[in-house]
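> quick check, what structure comes out for this input:
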Amino acid sequence: MITLENSVDIAVPPQEAFDYLSELRNEADWNPRMRSVRLLTVGPVAAGSRYQARWMGGPDTVVEYTRFDRPDGWVSTGHSAGMTIRFSARVAPAPPGSRLTVRMELIPRGPARLLQPLLRRRMRGAELDNMRRIKTTLESLAARGAMP
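Residues are numbered from 1 along each chain as shown. Down below sits the predicted model:
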(Lines give C-alpha, C1' and ligand atoms only; values in the text may rest on other atoms or scores of the structure.)
Protein backbone atom coordinates (compact mmCIF):
# COMPACT_ATOMS: atom_id res chain seq x y z
CA MET A 1 0.00 0.00 0.00
CA ILE A 2 1.16 3.52 -0.80
CA THR A 3 0.01 6.33 1.51
CA LEU A 4 0.27 10.00 0.55
CA GLU A 5 -0.72 12.91 2.79
CA ASN A 6 -0.57 16.62 1.97
CA SER A 7 -2.00 19.93 3.15
CA VAL A 8 -2.27 23.38 1.62
CA ASP A 9 -3.62 26.70 2.87
CA ILE A 10 -6.01 28.42 0.47
CA ALA A 11 -7.29 32.01 0.62
CA VAL A 12 -10.89 30.86 0.10
CA PRO A 13 -13.57 30.29 2.77
CA PRO A 14 -13.86 26.61 3.79
CA GLN A 15 -17.39 26.11 2.47
CA GLU A 16 -16.45 27.45 -0.98
CA ALA A 17 -13.32 25.28 -1.06
CA PHE A 18 -15.35 22.23 -0.01
CA ASP A 19 -18.09 22.82 -2.59
CA TYR A 20 -15.61 23.19 -5.43
CA LEU A 21 -13.19 20.41 -4.48
CA SER A 22 -15.75 17.78 -3.48
CA GLU A 23 -17.22 17.89 -7.00
CA LEU A 24 -14.98 15.43 -8.88
CA ARG A 25 -15.94 16.96 -12.24
CA ASN A 26 -13.96 20.08 -11.24
CA GLU A 27 -10.72 18.09 -10.97
CA ALA A 28 -9.96 18.63 -14.67
CA ASP A 29 -9.50 22.36 -13.84
CA TRP A 30 -6.40 21.68 -11.75
CA ASN A 31 -5.22 18.13 -12.52
CA PRO A 32 -3.67 17.78 -15.98
CA ARG A 33 -3.77 13.98 -15.61
CA MET A 34 -7.60 13.94 -15.49
CA ARG A 35 -8.87 12.68 -18.83
CA SER A 36 -12.61 12.24 -18.25
CA VAL A 37 -15.18 12.11 -15.49
CA ARG A 38 -18.93 11.73 -15.43
CA LEU A 39 -21.45 11.45 -12.64
CA LEU A 40 -23.20 8.06 -12.68
CA THR A 41 -25.85 8.85 -10.06
CA VAL A 42 -28.71 11.35 -10.07
CA GLY A 43 -29.06 14.31 -7.73
CA PRO A 44 -26.65 16.45 -5.78
CA VAL A 45 -23.29 15.00 -4.76
CA ALA A 46 -23.62 13.15 -1.44
CA ALA A 47 -22.63 9.91 0.24
CA GLY A 48 -23.41 7.19 -2.29
CA SER A 49 -22.67 9.37 -5.35
CA ARG A 50 -20.68 7.52 -7.99
CA TYR A 51 -18.50 8.71 -10.86
CA GLN A 52 -16.71 7.04 -13.73
CA ALA A 53 -13.29 8.65 -14.09
CA ARG A 54 -10.12 8.14 -16.08
CA TRP A 55 -6.69 9.58 -15.37
CA MET A 56 -3.78 9.57 -17.81
CA GLY A 57 -2.15 6.16 -18.04
CA GLY A 58 -4.93 4.38 -16.16
CA PRO A 59 -8.09 2.44 -16.83
CA ASP A 60 -11.62 3.61 -16.07
CA THR A 61 -12.17 3.90 -12.34
CA VAL A 62 -15.50 3.91 -10.52
CA VAL A 63 -15.30 6.37 -7.62
CA GLU A 64 -17.92 6.22 -4.87
CA TYR A 65 -18.31 8.78 -2.11
CA THR A 66 -18.64 6.82 1.11
CA ARG A 67 -18.84 9.86 3.39
CA PHE A 68 -19.89 13.41 2.59
CA ASP A 69 -19.91 15.84 5.53
CA ARG A 70 -20.43 19.29 4.07
CA PRO A 71 -18.52 21.55 4.67
CA ASP A 72 -15.92 19.56 6.62
CA GLY A 73 -14.79 16.64 4.48
CA TRP A 74 -15.48 13.68 2.27
CA VAL A 75 -14.21 10.15 1.73
CA SER A 76 -14.25 8.16 -1.48
CA THR A 77 -13.13 4.79 -2.75
CA GLY A 78 -12.09 4.15 -6.32
CA HIS A 79 -11.89 0.74 -7.96
CA SER A 80 -10.18 -0.06 -11.24
CA ALA A 81 -8.78 -3.20 -12.83
CA GLY A 82 -5.43 -3.00 -11.04
CA MET A 83 -5.92 -0.81 -8.00
CA THR A 84 -8.14 0.39 -5.19
CA ILE A 85 -7.77 4.01 -4.11
CA ARG A 86 -9.06 5.28 -0.77
CA PHE A 87 -9.19 9.06 -0.62
CA SER A 88 -10.16 11.42 2.18
CA ALA A 89 -10.20 15.21 2.32
CA ARG A 90 -10.79 17.62 5.15
CA VAL A 91 -11.39 21.36 4.79
CA ALA A 92 -10.95 23.44 7.95
CA PRO A 93 -10.86 27.15 8.74
CA ALA A 94 -7.28 28.46 8.76
CA PRO A 95 -5.65 31.75 7.87
CA PRO A 96 -5.97 33.05 5.17
CA GLY A 97 -9.23 31.13 4.61
CA SER A 98 -9.03 27.35 4.77
CA ARG A 99 -6.66 24.42 4.98
CA LEU A 100 -7.18 21.42 2.73
CA THR A 101 -5.72 18.17 4.06
CA VAL A 102 -5.85 15.08 1.88
CA ARG A 103 -4.87 11.46 2.39
CA MET A 104 -4.70 8.92 -0.40
CA GLU A 105 -4.09 5.19 -0.04
CA LEU A 106 -3.22 3.36 -3.24
CA ILE A 107 -3.63 -0.41 -3.02
CA PRO A 108 -2.26 -2.07 -6.17
CA ARG A 109 -3.48 -5.57 -7.03
CA GLY A 110 -1.95 -8.29 -9.15
CA PRO A 111 1.02 -7.32 -11.33
CA ALA A 112 0.61 -3.63 -10.40
CA ARG A 113 1.96 -4.48 -6.93
CA LEU A 114 5.41 -4.91 -8.49
CA LEU A 115 5.35 -1.25 -9.56
CA GLN A 116 4.81 0.15 -6.04
CA PRO A 117 8.26 1.81 -5.64
CA LEU A 118 7.97 3.56 -9.01
CA LEU A 119 4.34 4.49 -8.41
CA ARG A 120 5.15 5.90 -4.95
CA ARG A 121 7.84 8.22 -6.34
CA ARG A 122 5.71 9.38 -9.27
CA MET A 123 2.56 9.94 -7.21
CA ARG A 124 4.36 11.82 -4.41
CA GLY A 125 5.60 14.48 -6.84
CA ALA A 126 2.33 14.61 -8.78
CA GLU A 127 0.28 15.11 -5.62
CA LEU A 128 2.50 17.96 -4.41
CA ASP A 129 2.05 19.61 -7.81
CA ASN A 130 -1.72 19.06 -7.55
CA MET A 131 -1.86 20.80 -4.17
CA ARG A 132 -0.09 23.85 -5.65
CA ARG A 133 -2.48 23.86 -8.61
CA ILE A 134 -5.52 23.56 -6.31
CA LYS A 135 -4.36 26.61 -4.36
CA THR A 136 -3.67 28.63 -7.51
CA THR A 137 -6.94 27.62 -9.20
CA LEU A 138 -9.22 28.31 -6.23
CA GLU A 139 -7.57 31.62 -5.35
CA SER A 140 -7.74 32.72 -8.99
CA LEU A 141 -11.43 31.79 -9.26
CA ALA A 142 -12.20 33.62 -6.00
CA ALA A 143 -10.28 36.75 -7.10
CA ARG A 144 -12.35 36.88 -10.30
CA GLY A 145 -15.61 36.19 -8.42
CA ALA A 146 -15.96 33.00 -10.49
CA MET A 147 -16.32 30.33 -7.79
CA PRO A 148 -19.10 27.96 -8.91
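
> what ranges do the helices span in this structure?
For the chain, the helices defined by DSSP state H cover 14-21, 116-143.

> avg pLDDT for the last one?
So that's helix 116-143. The pLDDT scores in helix 116-143 average 88.

> now, of the helices of the chain, which is deepest in the fold?
Stretch with highest mean neighbour count among the helices of the chain: helix 14-21 (a mean of 20; mean count of other CB atoms under 10 Å). For every residue, glycine as well, the C-beta is placed using N, CA and C.

> contacts for it, please.
Residues from elsewhere that reach helix 14-21 (CB atoms under 8 Å, 6 or more residues apart in numbering): 10, 12, 26, 70-74, 89, 91-93, 97-98, 100, 134, 138, 141-142, 147-148.

> of the helices of the chain, which is nearest Thr41?
Taking CB to CB, helix 14-21 is the member of these nearest to Thr41, at 17.7 Å.

> any idea of the mean pLDDT for that closest one?
Mean pLDDT, helix 14-21: 97.

> how distant is stretch 122-131 from the center of its chain?
Distance of stretch 122-131 from the chain centroid (CA atoms, centre = their mean, to the nearest Å) equals 11 Å.

> returning to that earlier point: just the buried ones from the contacts of helix 14-21, in ChimeraX syntax?
Provided next is the ChimeraX selection string for whichever of the contacts of helix 14-21 are buried by 16 or more other CB atoms under 10 Å:
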select :10,12,26,71,73,74,89,91,97,98,100,134,138,141,142
